[in-house]
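Trainee: can you look at this prediction? I've put the sequence above it.
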Amino acid sequence: MNLNQVNNFASIKNSKMLLPKKTAFWAGFFYILTFVSIPTFSLYQPLHDSQYIFSNGDDNKVVMGGILEIIVALSGIITSIILFSVLRKQNQTLAIGLIASRIVEAGTMFVGVAFLLGAVSLHHQPASATSLSMAQTLVTMYDRIFVLGQGFMPAINDILLGVLLFQTRLVPRWLSLIGIIGALPLFMSYFAIMFGFIERVSALSGASALMVAFFEFTTGVYLLVKGIRKS
């Protein structure tokens with residue numbers, strides 16, 4: 001390898017990867033779209049009523065919440081696919097891993113929505129002690145898979161994405177570090193919930209997701225507005 005080739009290789013290795021503005025825009029757009037499911041916490045409230053089957057609760061709110069979760073699931077996959085063309089140039093294995101992780105996350109969300117819609121179907125049928133028990137079981141299953149799909153998997157996603165963004169410098173490196181470091185409290189919260197140390201819905205579990213939420217939202221805004229940092 002001659003001197004020019006060495007210099008060219010070093011220049012490529014040390015340069016920031018370029019992300020076309022249109023690609024950056026759509027990646028940012030769909031990343032921000034992953035936050036549309038925030039209202040589901042209130043939309044799903046009727047389902048957690050111990051007498052839901054016997055109540056006259058508005059099932060349209062639950063259905064709307066399910067639609068929002070499906071949008072989030074699909075948006076997560078789309079973001080990883082959009083960024084793949086650039087991220088694979090840095091580390092194809094991690095870039096493929098990010099897509100796989102997003103698909104697993106989306107799969108848990110689809111299953112969770114199916115559980116809730118199953119409870120809604122029971123609500124439309126004549127109420128009985130059996131249907132009440134089945135509906136409560138479905139809601140409990142949703143709560144458990146929510147912890148896995150929207151607690152554990154986002155931590156995996158953000159470690160992979162954080163490392164790739166740190167290497168490619170598509171966003172400021174401090175932002176990438178927040179994504180990597182922020183995954184750790186999310187992991188700790190997941191296992192704390194699994195072993196019963198904290199509640200699924202609590203101040204501690206909510207606080208554990210703050211860094212990850214900041215990382216994902218800020219990354220989405222950054223890509224949407226600025227695309228990439230200029231060299």
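Mentor: Good, I have the coordinates.
Trainee: longest helix in the chain, by residue count?
Mentor: Longest helix of the chain, by residue count under DSSP state H: helix 59-123.
Trainee: that one - what's its average pLDDT?
Mentor: Averaging pLDDT along helix 59-123 gives 95.
Trainee: do stretch 198-209 as well
Mentor: Stretch 198-209 comes out with an average pLDDT of 87.
Trainee: what's that stretch in contact with?
Mentor: Applying CB atoms under 8 Å, 6 or more residues apart in numbering, the contact partners of stretch 198-209 are 41, 143, 146-147, 151, 154, 185-186, 188-189, 192-193. Glycine gets a C-beta too; all of them are placed from N, C-alpha and C.
Trainee: show me what the longest helix of the chain is packed against.
Mentor: helix 21-33, helix 40-43, helix 129-147, helix 153-168 (3 or more CB pairs under 8 Å, 6 or more residues apart in numbering; DSSP states H and E).
Trainee: picking that back up, distance to Leu210, neighbour count and pLDDT added to the contacts of stretch 198-209, as TSV?
Mentor: Below are the contacts of stretch 198-209 laid out as TSV (distance: CB to CB, whole Å; neighbours: other CB atoms under 10 Å; pLDDT from 0 to 100):
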residue	distance to Leu210	neighbour count	pLDDT
Phe41	15	10	85
Asp143	21	17	92
Phe146	18	19	93
Val147	17	16	91
Gly151	13	23	88
Pro154	12	25	93
Pro185	8	19	93
Leu186	10	24	93
Met188	13	15	94
Ser189	11	24	92
Ala192	16	17	92
Ile193	16	23	90
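Trainee: what's the farthest-apart pair in the residues you listed?
Mentor: Phe41 and Met188 (21.5 Å; CB to CB).
Trainee: for Thr40, which non-adjacent residue is closest in space?
Mentor: In this structure, Thr40 finds its nearest non-sequential neighbour in Gly65, 4.0 Å apart by CB to CB, 6 or more residues apart in numbering.
Trainee: quick check: the one you found touching Val36?
Mentor: No: taking contacts as CB atoms under 8 Å, Gly65 lies outside contact range of Val36: 10.4 Å.
Trainee: neighbour count: these two, which is higher?
Mentor: Between Gly65 and Val36, counting by other CB atoms under 10 Å, Gly65 is the more crowded of the two (21 against 14).
Trainee: any idea how far that one lies from Ser42?
Mentor: Gly65 is 9 Å from Ser42, where distance means CB to CB, to the nearest Å.
Trainee: between the two, what contacts are shared?
Mentor: Residues touching both Gly65 and Ser42 by CB under 8 Å, 6+ apart: none at all.
Trainee: surely Gly162 and Ser176 touch.
Mentor: Yes: if you go by CB under 8 Å, Gly162 and Ser176 touch, sitting 4.9 Å apart.
Trainee: quick one on the thing from earlier: so what's the residue nearest to Thr40 up against?
Mentor: If you count contacts by CB under 8 Å, 6+ apart, Gly65 has them with 37, 39-40, 43-44, 116.
Trainee: neighbour-wise, which of these leads?
Mentor: Leu116 (24 neighbours).
Trainee: that residue: what's it in contact with?
Mentor: Contacts of Leu116 (CB under 8 Å, 6+ apart): 44, 47, 62, 65-66, 138-139, 142.
Trainee: can you count the residues close to the closest residue to Gly97 other than its chain neighbours?
Mentor: Spatial nearest neighbour of Gly97, excluding adjacent residues (CB to CB, 6+ apart): Leu160 at 5.5 Å. Using other CB under 10 Å, Leu160 has 26 other residues around it.
Trainee: how about Ile178?
Mentor: Counted with other CB under 10 Å, residues neighbouring Ile178 total 20.
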